[in-house]
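S.K.: I'd like to go over a predicted model; first the sequence, then the structure.
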Amino acid sequence: GEDVEQSLFLSVREGDSSVINCTYTDSSSTYLYWYKQEPGAGLQLLTYIFSNMDMKQDQRLTVLLNKKDKHLSLRIADTQTGDSAIYFCAETDSGGYNKLIFGAGTRLAVHP
Amino acid sequence: GAGVSQSPSNKVTEKGKDVELRCDPISGHTALYWYRQSLGQGLEFLIYFQGNSAPDKSGLPSDRFSAERTGGSVSTLTIQRTQQEDSAVYLCASSLVRGNTEAFFGQGTRLTVV
């Protein structure tokens, strides 16, 4: 079945870059997503990438997609304390339901 | 409204009681998800509705859990005979099913079973 895997925890120093990695299984996923969950809040879409792209940049965020290895990453440049949150990777199940499959989330801790 | 609305935002219930959680999706969104998030944990998929198709119930943890979606819009998640391990935040999301299937999440219902 479909599966999305992420490392559970990442700690970085303020001002450094953060790289959050994700692997997925459904090679037919049309879109891949990154969601952010701040403490006590719901999930918000951070960015997404269409499967025919290798890279997408949006201000401090860079998404890299390696379709061959089914690997997705999110890079946050100049990480700030406000970036501390849980980041979820998600793929779309192409088995007819178009259901989103989420990873378990990576908790990013930013320290001074 | 403009977003996904969930009610109540908080619910405290006694062990053994039944609870109903409600989700109002974004108008026009034919896909609706329920997830559970225990304290400090990731998302646990519960159930997925898509239009008139049979729902994907593969994530429901036990037969005490059920959900329905009336008229393709509002959904209710029911937990019967609640247990302490049911304590969690229950999140609802909705999306389109064609094109960009970005899911929009509600703020969740925090359920505490005492």
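M.R.: Great, that's in hand. Because the structure is predicted, anything quoted here is derived from the model rather than measured. Residues are numbered from 1 along each chain as shown, chains lettered A, B, ... in the order given.
S.K.: OK, now which residue of chain B is nearest to chain A?
M.R.: B:G42 (3.3 Å; CB to the nearest CB). From N, CA and C alone the C-beta is placed, and that goes for glycine too.
S.K.: quick check: A:V19 touching A:L74?
M.R.: Yes - counting by CB atoms under 8 Å, A:V19 does reach A:L74; the two are 7.2 Å apart.
S.K.: could you point out the helix or strand that follows the helix or strand bottoming out on mean pLDDT in chain A?
M.R.: Here the helix or strand of chain A ranked lowest by mean pLDDT, DSSP states H and E is strand A:100-102, holding a mean of 84. Using DSSP states H and E, the helix or strand that follows strand A:100-102 in sequence is strand A:106-111.
S.K.: enumerate the residues of chain B near chain A.
M.R.: Proximity of chain B to chain A (CB under 8 Å from any CB of the partner chain) is limited to residues B:31, B:33, B:35, B:41-43, B:45, B:48, B:50, B:53, B:56, B:91, B:93, B:95, B:97-98, B:100-108.
S.K.: which strands and helices sit next to the helix or strand containing B:A67?
M.R.: According to DSSP H and E, B:A67 maps onto strand B:65-69. Here strand B:65-69 touches strand B:44-50, strand B:75-79, going by 3 or more CB pairs under 8 Å, 6 or more residues apart in numbering or on different chains; DSSP states H and E.
S.K.: that one pairs with which strands?
M.R.: Applying DSSP bridges, strand B:65-69 is found paired with strand B:75-79 (antiparallel).
S.K.: show me what counts as buried in the partner strand.
M.R.: Within strand B:75-79, the residues scored as buried using 16 or more other CB atoms under 10 Å in any protein chain shown are B:S75, B:L77, B:I79.
S.K.: just list whatever residues bridge to the second one.
M.R.: Read it as B:L77. B:L21, B:A67.
S.K.: and the closest residue to A:P112 other than its chain neighbours, how far from A:G82?
M.R.: Distance criterion CB to CB, 6 or more residues apart in numbering or on different chains; nearest residue to A:P112, sequence neighbours excluded, is A:E14 at 5.4 Å. From A:E14 over to A:G82 the distance is 10 Å, taken as CB to CB, to the nearest Å.
S.K.: the residue positioned nearest the centre of chain B and A:P39, how far apart?
M.R.: Centrality entry for chain B: nearest residue to the mean C-alpha point is B:W34, 3.2 Å, by CA atoms, centre = their mean. To A:P39, B:W34 is 22 Å away according to CB to CB.
S.K.: next, count neighbours for B:V113.
M.R.: 19 (other CB atoms under 10 Å in any protein chain shown).
S.K.: who's in contact with it?
M.R.: Residues in contact with B:V113 (CB atoms under 8 Å, 6 or more residues apart in numbering or on different chains) are B:V12, B:T13, B:E14, B:K15, B:T82, B:Q83, B:Q84, B:E85, B:D86, B:S87.
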